[in-house]
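1. how does the following fold in three dimensions:
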Amino acid sequence: MSFGLVPLIAALNVRAAEVAQAGDAGESALRGLFGGSPWAAIPSAIVGFILIFAVAGGLPVILVWAERRGAGRIQQRPGPNRVGPFGLFQTIADGFKLMVKEDIIPARASRALFMLAPGIVLAGVLGAFAMLPLSKNAILVDTDLGVFLIFALLSLGVIGVVIAGWASNNKWSILGAMREAAQMVSYEIPLGICVLVAVMHYGTLNLREMCAMQAGGFAGIENWLICQYIPFGAITFVIMYVALLANTKRAPFDLPEAESELVSGFHTEYSGIRFSFFFLEEYAAMFLVSGVIVCTHLGGWNLPFVSGEFMTGSLVGQILSALVVITKALFLVWVMIWVRWTLPRIRIDQVMNLCYKYLTPISFVCLLAVTLWKPFWGWLGLM
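-> Below you'll find the predicted structure:
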């Protein structure tokens, strides 16, 4: 199965060498606000970090409230409805509680690694947010290696989880960490193949360029990857979405923190602000990966029956583009929430079987089909 990733790895190595030779590791959209000098990178990085932290920190507050209310409706109960209108302030109150709660480190834990792990988990998501385009210009770091760097940074999460489980010196924590490592490494195979399909189709790793290429066509959706290579484009969307569910540890793939088996999994020993870091990472990653799949398969900032020139050629279009990406991503997040409170958790052997026996072979078939699509129809004289 690893042979399917060889073309992707080779292409990324070649592109990385080209970028290094050109001396351009990515262009910041904020840098122009502070002039063109090398020192402009410092204030632009500070402003970018503040913006990212504000978004990544604010989104979980909204998403946790939405999940609680949604879970309540699905289970025919009210959900939070006492603190603030519609229970909106309940999550804020819980956040303050975590900030002031006693931070306990187990006596036999590896103290330095125990404290470091939550920061590693959160840092990867914060860094990846910088390369998610909301519109043609609303992107902090526009780099030719965008989608590759996003998933490379997200892979830091499994390192943080393994460190957290091992440093806790707790059997439930280490079992959860090992489950996360096995699950993450396994599902990165079909995920990587589906990303390779998108890269082959667009000819770039830049998410902003992928969004721009999906404009136009019949009804404004013909060029969306989900509508291309019928039915293989839609199949890669489903496989990529399922793989991202597993990578974000969302039910029914929440085996690393299965409370019915492992108390609380890899973060059993965490409390207070350190526990909130794992919480923030999960919900921020849900929005981030949903935004990525919107950019690769669902047209990015493009709307049906709306021209791409309008979405990118004016201030109103730029604002509308950002709202479109956010709305599409939030819908996919809601589907994640819906799935969690609808489907039961599956066993770890079922998780592995789904990946290796079904998703990986099907994704390889899709990759082969996309590779041979144009030569086949060209041979028949239909393209």
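
2. measure N137 to M311 for me?
-> 12 Å (C-beta to C-beta, to the nearest Å). All C-beta atoms are positioned from the backbone trio N, CA, C, and that covers glycine.

3. go on, G87?
-> According to C-beta to C-beta, G87 and M311 sit 35 Å apart.

4. how about low-confidence regions in the protein?
-> Residues of the chain that meet the criterion pLDDT under 70 lie in 1-41, 44, 260, 381-383.

5. and the residue nearest the centre of it?
-> Closest residue to the average C-alpha location of the chain: V289 at 2.0 Å, with C-alpha atoms, centre = their mean.

6. confirm that one sits in a helix?
-> Yes: the assignment for V289 by DSSP: H, G, I helix; E, B strand; the rest coil puts it in a helix.

7. quick one, phi/psi of L88?
-> The phi/psi pair for L88 (degrees, to the nearest 10) reads phi -60, psi -30.

8. skipping adjacent residues, who's closest to it in space?
-> With C-beta to C-beta, 6 or more residues apart in numbering as the criterion, L88 has its nearest non-adjacent residue at 6.1 Å, and that residue is W65.

9. on that earlier part again, which residues do N137 and M311 both contact?
-> Common contact partners of N137 and M311 (C-beta atoms under 8 Å, 6 or more residues apart in numbering): Q318.

10. G70 reaches V335, doesn't it?
-> No: in this structure G70 lies outside contact range of V335 using C-beta atoms under 8 Å: 10.7 Å.

11. compare neighbour counts for these two and give me the winner.
-> Per other C-beta atoms under 10 Å, whichever of G70 and V335 has more neighbours is G70, with 17 against 13.

12. which strands and helices lie in contact with the helix or strand harbouring that one?
-> When elements are assigned from DSSP states H and E, G70 belongs to helix 41-74. Secondary-structure packing of helix 41-74 (3 or more C-beta pairs under 8 Å, 6 or more residues apart in numbering; DSSP states H and E): strand 27-28, helix 90-100, helix 111-129, helix 272-297, helix 315-340.

13. from the middle of its chain, how far away would the fourth one be?
-> With C-alpha atoms, centre = their mean, to the nearest Å as the basis, the distance from the averaged C-alpha position of helix 272-297 to the chain average is 6 Å.

14. and that helix, what's buried?
-> For helix 272-297, the neighbour count (16 or more other C-beta atoms under 10 Å) marks 274-297 as buried.

15. pretty sure V161 is touching V121, no?
-> Yes: the pair V161 and V121 passes the contact test of C-beta under 8 Å, sitting 6.6 Å apart.

16. compare the two (neighbour count), which wins?
-> In this view V161 and V121 are compared by other C-beta under 10 Å, and V161 has more residues nearby, 30 against 25.

17. now do the more buried one against S363, distance only.
-> Taking C-beta to C-beta as the measure, V161 and S363 are separated by 24 Å.
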